[in-house]
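Engineer: show me how the following folds:
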Amino acid sequence: MTGSTTTVAGAARNVTSVTSATSTVRDAVIDLLRQLGITSVFANPGSTELPMFRDFPADFRYVLGLQEAVVVGMADGFAQASRNASLVNLHSAAGVGNAMGNIFTAFKNRTPMIVTAGQQARSILPFDPFLSSTQATELAKPYVKWSIEPARAADVPLAIARAYYVAMQEPRGPVLVSIPVDDWDQPAERVAARAVSTEVRPDPVAIGRVGAALDACERPAFVIGGAVDRAGAWDDVVRLAETHNARVYVAPMSGRCGFPEDHRLFAGFLPAMREKIVGLLGGHDLILVLGAPAFTYHVEGAGPHVPEGATLYQLIDDPAIAAWTPVGASVVGNIRLGVLDLLARPAPRARPLPAPRQPRSHAEPTRLMSTAYVLQTLAEVRDAADIVVEEAPSARPVMQGYLPFTQSGTFYTMDSGGLGYGMPAAVGVALARPGSRVIALIGDGSSMYSIQAIWSAVQLKLPITFVILNNARYAALQDFAPEFGFAPSDPVQGTDLPGIDFVALAQGMGCEGTRVRDAARLRDALADGLRSQVPTLVEVEVA
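Structural biologist: Numbers count the residues shown, from 1 in each chain. Just a heads-up that it's a prediction; the model follows:
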């Protein structure tokens, strides 16, 4: 593999202004973060972090979340939308523990994130003090790429620098630095940010084999994953698909949109079930998976992983995924650089266009609205550039039919399947994309994992429209129960959610809210919410 020329975002800023003069750990860390373009701190405060924020610099922003999972979710959305690592500050073991669900999601989302965790003073660590983290570097594993508690206070700035470069190297992800409370006022040398290449160009010989196979095949299919949009390869993948007249599918459980869903070559979404994937890809003789696992499964399956007569190739930025991919040939490297190398090959012979995707039927209004009708109406009133952050698992298959995404960077969800990400991620995305309308499309059950994010949105005066799909149940579990032997009439314990008033919850945190039961009111309610310059909540009762 050969290295690219891409450098860490912000890493070369103001490098010449940095001197080797001794300062405090706090001053050295703040100076380094400023060079790296990280001036927002997502945090929920604790006692062992307080010295970090004494004399807080005027050019930094402290983004308060009311619970640690909310803090990490906000930082995740901010990092993805800004394309630079975010900084999270958590409180010792308790704070990291509360945040672990969304740290897991950040790991699966490949989100670059520096998590600093407070630790008790070094002088009392031998006595197992109150609020210490006994094995701080082990607590977040295996869902951080790297973790450290520096051996000396003077090593903290260098640890933060290394953490940043590790977080930004593909595959990106969260890292953790545990910092004893008495380190911040100790002397330390300032650290100059360095230009570090974070993207690796795939092996040209391996890419050549993929290109030759693609040129020779008759009926190619592309399967697109979240790494396409993360790598900024949206337009390049469109060109590659058009060059080969390849049908384009979205990989199972993809957390980003990577191809315009109104494009002539778009073929739909693959489910996380082996037999159904093989059935949908049947008839293709070459399958090129770009920026996704091949494949993510949710239930046990049997039989082949690809259709008979088909060959699979994969371009992926994660060598661990390449290692477990069960069939075919994998090439590891940056998605955009690999696609550009494929585009640089001589034009292939012309192929006929594949048959177009069958359109969905039009959803009609009913007394108790269907999710399809709600999302169809949202698609009609939403601008194509509006950003949707989704966490409504039972509604996702419906969304894929009735709420298309046609522009890069306009859709985010979690790759992990863990709940509690969507509402705070919408706050982070809105912070990173000022001037953009953000729509948080959330299920009623999902919202209760991190509804405190509404308070942060209100305090920050962000233009977010929270759309709550209220079916008074954990519908995803009820829908999934037959896969585990439940008869259609069998009750599924713990899945009913009656009696939650989302409008009242929003109003209690200072957010305007409205409830919609009547289909005739839906369009106006959504349009009003999308026009607001402050957070609003629209609760929609659905069948």
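
Engineer: all the helices of the stretch 201-350 of the chain, in order from the start?
Structural biologist: For the stretch 201-350 of the chain, the helices defined by DSSP state H, counting those that start in this stretch cover 204-216, 226-230, 234-244, 274-281, 319-324, 335-343.

Engineer: so which of those helices is nearest residue 158?
Structural biologist: Closest approach to residue 158 among the helices of the stretch 201-350 of the chain is made by helix 319-324 (26.4 Å; CB to CB). Placement of C-beta: from N, CA and C, glycine included.

Engineer: output the helices of the stretch 201-350 of the chain in TSV; the columns should cover mean neighbour count.
Structural biologist: Below are the helices of the stretch 201-350 of the chain laid out as TSV (neighbours: other CB atoms under 10 Å):
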stretch	mean neighbour count
helix 204-216	16
helix 226-230	27
helix 234-244	19
helix 274-281	18
helix 319-324	13
helix 335-343	23
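
Engineer: who wins for proximity to residue 130 among those helices?
Structural biologist: Nearest of those to residue 130, taken as CB to CB: helix 319-324 at 38.2 Å.

Engineer: what is the rounded mean pLDDT of that closest one?
Structural biologist: Helix 319-324 carries an average pLDDT of 97.

Engineer: that helix - contacts with which helices or strands?
Structural biologist: Taking 3 or more CB pairs under 8 Å, 6 or more residues apart in numbering; DSSP states H and E as contact, the helices and strands that helix 319-324 lies on are strand 329-332.

Engineer: from the contact counts, what lies against the strand it packs on?
Structural biologist: By 3+ CB pairs under 8 Å, 6+ apart, strand 329-332 packs against helix 204-216, strand 311-316, helix 319-324.

Engineer: adjacent strands (with direction) for it?
Structural biologist: Applying DSSP bridges, strand 329-332 is found paired with strand 311-316 (parallel).

Engineer: report the buried residues of the strand it pairs with.
Structural biologist: For strand 311-316, burial by neighbour count (16 or more other CB atoms under 10 Å) applies to 312-316.

Engineer: mind putting those into a markdown table with pLDDT and distance to residue 543?
Structural biologist: Shown next, in a markdown table, are these (pLDDT from 0 to 100; distance: CB to CB, whole Å):
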| residue | pLDDT | distance to residue 543 |
| --- | --- | --- |
| 312 | 98 | 39 |
| 313 | 98 | 42 |
| 314 | 98 | 40 |
| 315 | 98 | 41 |
| 316 | 98 | 39 |
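
Engineer: nearest to residue 134, of the residues you listed?
Structural biologist: The closest of the buried residues of strand 311-316 to residue 134 turns out to be residue 316 (CB to CB; 36.7 Å).

Engineer: now the closest one: how far from residue 251?
Structural biologist: Counting by CB to CB, to the nearest Å, the gap from residue 316 to residue 251 is 11 Å.

Engineer: between the two, what contacts are shared?
Structural biologist: Common contacts of residue 316 and residue 251 (CB atoms under 8 Å, 6 or more residues apart in numbering): 289, 291-293.

Engineer: which residues touch residue 516?
Structural biologist: 369, 522, 525, 538-541.

Engineer: related to what we said a few turns ago, can you tell me which of the helices and strands packed on strand 329-332 is nearest to residue 228?
Structural biologist: Here strand 311-316 is closest among these (CB to CB), at 9.6 Å.
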